[in-house]
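Peer 1: can't give you the sequence, but here's the structure:
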């Protein structure tokens, strides 16, 4: 018996195209079962725990207090993902480097500007690699990032992680 | 010539079902009914570093548009003029002074606009995102300016 006969059928019974379709459907089904049934779930099953961190925003005007309130959700502006809830908003007189007439640099007060610190609570995966809010937003102290709430956006950096 | 018989086999049925399911899912995805509530809010913007008298071009009731993407931003309901100021290093005392310039002015406008709420954003007419701190370039009837959104009413 020929492998493929004159009608294009495998062993005279199954059409080659039909066989291809069956193989594709079977591969898709097997892939789905493997993905959701057997794959290592370490990355998604890792337990999350509450973390508290602070975000420092430098040299902003007092308007910030009209726009940001405790209880607001904080978002990463780049991804649009929520990265915690603001639980405290504190401020102090802003400071920045001033180049003096003799060429020296000093940290001086900035008139009419404040440095604002948001305390943020979130759930994160904590491991030897760091802190990952909602498993994917890595908290990096000192890294400049864009943050936003529904009413406000700014550039700042994570200052402390507790 | 031998006439071919039209026969549907099980594989053809599977293919038809898959195509049908994809079509149904695609249609329902593209025709999702979304209920969007619109509300009117007021927010303030500042247009900075303008020549004295610039504010006289602006009238209550003017429609303001984003000068980059041409999105509608709202209607002027209030106008205030303050001196323009800028941070300048005081090299003698080691501080930054917020120095005023008497020859330039900043205009603070309150805009009223219909916004829709979507997750993390408030959008005027579903397009222009309103957030305090956002840098803006705006235009009104025969004038334009740059500045920031200051406050957003809750």
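Peer 2: Thanks, I have the structure now. Only a predicted model underlies this, so the values are computations on that prediction, with no experimental measurement involved. Numbers count the residues shown, from 1 in each chain, chains lettered A, B, ... in the order given.
Peer 1: Chain B contacts on chain A?
Peer 2: A:15, A:18, A:21-22, A:25, A:60-61, A:63-64, A:66-67, A:73, A:75, A:80, A:82, A:96, A:98-101, A:106, A:108-113, A:148-154 (C-beta under 8 Å from any C-beta of the partner chain). Backbone N, C-alpha and C define where each C-beta goes, glycine included.
Peer 1: Buried members of these into ChimeraX, please.
Peer 2: Selection of buried members from those for ChimeraX, criterion 16 or more other C-beta atoms under 10 Å in any protein chain shown:
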select /A:15,18,21,60,61,63,64,66,67,73,75,82,96,98,108,109,110,111,113,148,149,150,151,152,153,154
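Peer 1: Number of residues surrounding the residue nearest to residue A:130 when sequence neighbours are not counted?
Peer 2: Counting by C-beta to C-beta, 6 or more residues apart in numbering or on different chains, residue A:130 lies nearest to residue A:138, which is 5.6 Å off, once chain neighbours are set aside. As a burial measure, residue A:138 scores 14 neighbours (other C-beta atoms under 10 Å in any protein chain shown).
Peer 1: What's the separation between residue B:123 and chain A?
Peer 2: Counting by C-beta to the nearest C-beta, to the nearest Å, the separation of residue B:123 from chain A is 11 Å.
Peer 1: How about the contacts made by that residue?
Peer 2: The contact partners of residue B:123, taken as C-beta atoms under 8 Å, 6 or more residues apart in numbering or on different chains, are B:115, B:116, B:129, B:130.
Peer 1: Now with 6 Å, please.
Peer 2: With contact set as C-beta atoms under 6 Å, 6 or more residues apart in numbering or on different chains, residue B:123 has these partners: B:116, B:129.
Peer 1: Just the residues of chain A next to chain B: which are in helices?
Peer 2: Among these, DSSP state H puts A:18, A:21, A:22, A:25, A:64, A:66, A:67 in helices.
Peer 1: Mind putting the residues you listed into a markdown table with pLDDT and distance to residue B:39?
Peer 2: Below are these laid out as a markdown table (pLDDT from 0 to 100; distance: C-beta to C-beta, whole Å):
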| residue | pLDDT | distance to residue B:39 |
| --- | --- | --- |
| A:18 | 76 | 57 |
| A:21 | 77 | 52 |
| A:22 | 81 | 55 |
| A:25 | 83 | 49 |
| A:64 | 85 | 23 |
| A:66 | 82 | 18 |
| A:67 | 90 | 18 |
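Peer 1: And the furthest pair within the residues you listed?
Peer 2: The span of those, defined through C-beta to C-beta, is set by A:18 and A:66 at 67.3 Å.
Peer 1: So residue A:119 sits against residue A:86, correct?
Peer 2: No. Taking C-beta atoms under 6 Å as the definition, residue A:119 is not a contact partner of residue A:86, at 7.1 Å.
Peer 1: and the host helix or strand of residue A:117, what does it pack onto?
Peer 2: Per DSSP states H and E, residue A:117 falls inside strand A:105-127. Strand A:105-127 is packed against strand A:49-60, strand A:82-99, strand A:130-133, strand B:95-118, with contacts defined by 3 or more C-beta pairs under 6 Å, 6 or more residues apart in numbering or on different chains; DSSP states H and E.
Peer 1: can you list the weak-confidence ranges in the chain?
Peer 2: I went with chain A, as the question did not name one. A:1-4, A:6, A:8, A:10, A:38-45 (pLDDT under 70).
Peer 1: wait, chain B
Peer 2: For chain B, the stretches flagged by pLDDT under 70 are B:1-6, B:33-35.
Peer 1: so where do the strands sit in it?
Peer 2: B:38-51, B:63-66, B:72-90, B:95-118, B:121-124, B:128-129, B:135-140, B:143-152 (DSSP state E).
Peer 1: Contact partners for the residue nearest to the spatial centre of chain A?
Peer 2: The geometric centre of chain A, computed from its C-alpha atoms, lies nearest to residue A:137 (C-alpha atoms, centre = their mean), at 2.8 Å. Residues in contact with residue A:137, defined by C-beta under 6 Å, 6+ apart, are A:76, A:83.
Peer 1: gap between it and chain B?
Peer 2: Per C-beta to the nearest C-beta, residue A:137 is found 14 Å from chain B.
Peer 1: beta partners of that residue?
Peer 2: Beta bridges link residue A:137 to residue A:133, judged by DSSP bridges.
Peer 1: now do residue B:98
Peer 2: Residue B:98 forms beta bridges with residue B:87, as assigned by DSSP bridges.
Peer 1: so it touches residue A:109, yeah?
Peer 2: No. Using C-beta under 6 Å, residue B:98 makes no contact with residue A:109, being 10.8 Å away.
Peer 1: Skipping adjacent residues, who's closest to the residue sitting nearest the centre point of chain B in space?
Peer 2: With distances taken as C-alpha atoms, centre = their mean, residue B:128 lies nearest the centre of chain B, 1.6 Å away. Once flanking residues are discounted, residue B:128 sits nearest to residue B:71: 3.9 Å by C-beta to C-beta, 6+ apart.
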